[in-house]
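Peer 1: Below is the structure, and that's it, no one-letter string:
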Ligand code: ADP
Ligand code: MG
């Protein structure tokens, strides 16, 4: 039987994804998603909030695309995630008023619960942005409008944006917090579905608009235009607007100069990379939040690695705790050094660290050494462990088949594909293997607390 609708295809895809990711992973990220639209190789998945959209986009996109390609037998599929897609899927033809749309949106939008003001460590690098964000959260529309926050990757812009959204939510302000990319996607799909009036109605009636990574709309003429009008009507109505970007307004090449000048109307606040002391305090607070008992000398050591941004800093901390679990020992200085030894300090990337984490975790689970997986042994047990490692590297990293083959005993890409297929089949018929895989995945992606 041919599967047709996006909803049906996604239903089957979820079934496949469920066996490929750990249960906690599935529950947290995939369970509440729906297939929304499938057209010309573009598959739109509806997700309950921006946090999930970002996570899936960043971490599961390739796995999802592979699964969809396999199911639909299409040569290529590009997946995108849309928050509260149900709003767009108005094939039932009912007309909704903006009030219900926005309250439905706020009710089901869960901002990242960890992104609150209380968890935000303030230092010289971010003091102005923090104070301004708090100020407007307390007095929206009254102090600076818009508030424009800019800074490099992983320095806390989204954190501050969600923190404002949390406060707005507690004050029953109907805030819309959205990335510029999602705004664009919504706009494009509203145009396509001839629902542009609904779209404008929804945004122009928002009690507050928090828009993340605005540079994304740069050069997209119609989206810019639509945003310009949204901006004006909200601004005229004294509704608070907060904008974040990786660059100052002047550096955004907007087609419409009027929009750029409006970004400068209120307050422009930058966030700089953290200094050593702030890094140290952030580490301590993250360790406390994650209930990790970690010695002060280890924190000093991690801070001395001078991470480029706070996301990377969290990555270091996660890695050390993952290693501690892996080796069943407390996160000592020795272990911390080991955990980050193979991450070349300058060329540190998530992938590199995930790669070795995957191989270490699999080896540990089979009571082997990582070298066993990388070597040429071909006994049953080693081959199985290697298959799991290949499968996980495929799933968790952006490594190509050739890279995976090179990492694990110099296999060619086609043997990696075959190994992954074979492992998927084994997984379906072997419950204990499924559990073993889930345990390894927990080490690689510790569940969120
Ligand atoms: P950006 O949006 O600027 O790329 P995020 O807001 O996503 O960065 O921040 C990346 C990570 O770093 C998040 O987990 C966030 O909680 C954390 N973070 C950033 N700045 C701080 C800070 N000052 N205090 C505590 N955590 C922070
Ligand atoms: Mg961000």
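Peer 2: The structure has been received and is ready for your questions. For clarity, every value in this text was computed on a predicted model and none was experimentally measured. Residues are numbered from 1 along each chain as shown. Ligands and ions are numbered 1, 2, ... in the order given.
Peer 1: May I have the residues that are in contact with residue 74?
Peer 2: 41, 68 (C-beta atoms under 8 Å, 6 or more residues apart in numbering). (Each C-beta comes from the backbone N, C-alpha and C, glycine too.)
Peer 1: try 10 Å
Peer 2: 38, 40, 41, 43, 68 (C-beta atoms under 10 Å, 6 or more residues apart in numbering).
Peer 1: Let me see the confidence value for the residue lying closest to residue 18 once chain neighbours are set aside.
Peer 2: Spatial nearest neighbour of residue 18, excluding adjacent residues (C-beta to C-beta, 6 or more residues apart in numbering): residue 26 at 5.3 Å. On pLDDT, residue 26 comes in at 84.
Peer 1: Okay, residue 26 and residue 264: tell me how far apart.
Peer 2: To residue 264, residue 26 is 45 Å away according to C-beta to C-beta, to the nearest Å.
Peer 1: neighbour count winner among the two?
Peer 2: Shown here are residue 26 and residue 264; by other C-beta atoms under 10 Å, residue 26 has more neighbours (16 against 13).
Peer 1: Could you look up the SS state of that one?
Peer 2: Per DSSP: H, G, I helix; E, B strand; the rest coil, the local secondary structure of residue 26 is helix.
Peer 1: what's the distance between it and residue 439?
Peer 2: Distance check for residue 26 against residue 439: by C-beta to C-beta, it reads 15 Å.
Peer 1: Is residue 148 in a helix, a strand, or coil?
Peer 2: Quick answer, by three-state DSSP: residue 148 is strand.
Peer 1: Residue 424 now?
Peer 2: Three-state call for residue 424 (three-state DSSP): helix.
Peer 1: Let me know the distance separating it from residue 146.
Peer 2: 49 Å.
Peer 1: For the two, indicate the residue with more neighbours.
Peer 2: More neighbours surround residue 146 than the other of residue 424 and residue 146, with 24 against 14 (other C-beta under 10 Å).
Peer 1: show me where the stretch 151-300 of the chain has strands.
Peer 2: For the stretch 151-300 of the chain, the strands defined by DSSP state E, counting those that start in this stretch cover 175-179, 208-212, 240-245, 267-271.
Peer 1: can I get those in JSON lines with mean pLDDT and mean neighbour count?
Peer 2: JSON lines is the format used below for the strands of the stretch 151-300 of the chain (pLDDT from 0 to 100; neighbours: other C-beta atoms under 10 Å):
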{"stretch": "strand 175-179", "mean pLDDT": "92", "mean neighbour count": "25"}
{"stretch": "strand 208-212", "mean pLDDT": "96", "mean neighbour count": "24"}
{"stretch": "strand 240-245", "mean pLDDT": "97", "mean neighbour count": "26"}
{"stretch": "strand 267-271", "mean pLDDT": "96", "mean neighbour count": "20"}
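Peer 1: out of those, which comes closest to residue 366?
Peer 2: Proximity to residue 366 (C-beta to C-beta) singles out strand 175-179 among those, at 40.6 Å.
Peer 1: quick one: strands adjacent to the closest one?
Peer 2: With DSSP bridges as the test, strand 175-179 is paired with strand 208-212 (parallel).
Peer 1: Next, residue 143: phi, psi?
Peer 2: Dihedral angles of residue 143 (phi, psi; degrees, to the nearest 10) stand at phi -100, psi -70.
Peer 1: residues in contact with the nearest residue to it once chain neighbours are set aside?
Peer 2: In space, and not counting its chain neighbours, residue 143 is closest to residue 135: 5.2 Å by C-beta to C-beta, 6+ apart. Residue 135 is in contact with 142, 143, 144, 147, 267, counting by C-beta under 10 Å, 6+ apart.
Peer 1: how many neighbours does the second one have?
Peer 2: Just to be clear, that refers to residue 143. 14.
Peer 1: shouldn't it be in contact with residue 136?
Peer 2: Yes: at 5.7 Å, residue 143 and residue 136 qualify as touching, with contact defined as C-beta atoms under 10 Å.
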